[in-house]
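Participant: sequence? don't have it. structure:
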């Protein structure tokens with residue numbers, strides 16, 4: 001927590017090839033890196049920083065815990081709120097992104113679609129439908 005009470009979140013995603021992932025994030029999210037070295041590249045999204053960390057560096061960071069294999073399956077997703085899920089999905093398609101699912105209306109009042117980055121991290125596009133309950 002900063003002295004002024006504001007928060008900045010940092011999410012570290014473990015990646016096999018930081019340069020490949022950097023290119024994906026620059027292309028898909030139209031952002032530039034705010035930090036880069038041989039093991040990591042970081043992007044700022046408002047008050048959240050997404051840090052792409054090379055797997056060997058990630059192992060050192062979290063040991064004795066282990067870095068999960070991509071094929072083990074996803075245990076989380078990252079969500080981006082948008083005003084128009086269909087337009088966002090159309091834009092993703094122009095950037096070469098293949099959707100896992102959607103866009104589809106969900107029973108909880110959202111229109112969503114999901115895709116993965118090169119390392120299998122799941123991202124969701126979400127649009128509020130109608131009035132928030």
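Facilitator: Good, I have the coordinates. Computed from a predicted model, the values in this text were never measured in an experiment.
Participant: how about the nearest residue to residue 93, chain neighbours excluded?
Facilitator: Spatial nearest neighbour of residue 93, chain neighbours left out: residue 99 (8.0 Å); criterion: Cβ to Cβ, 6 or more residues apart in numbering. The way it works is simple: take the backbone N, C-alpha and C, and place the C-beta from them, glycine included.
Participant: state the pLDDT value of the one you found.
Facilitator: pLDDT, residue 99: 97.
Participant: same thing with residue 133?
Facilitator: 48.
Participant: what is the neighbour count of residue 22?
Facilitator: Using other Cβ atoms under 10 Å, residue 22 has 19 neighbouring residues.
Participant: wait, it sits on residue 36?
Facilitator: Yes. Residue 22 is within contact range of residue 36, at 7.3 Å (criterion: Cβ atoms under 8 Å).
Participant: ok, now which ones touch residue 113?
Facilitator: By Cβ atoms under 8 Å, 6 or more residues apart in numbering, residue 113 lies in contact with 85, 88-89, 99-104, 124-125.
Participant: tell me the secondary structure at it.
Facilitator: strand (DSSP: H, G, I helix; E, B strand; the rest coil).
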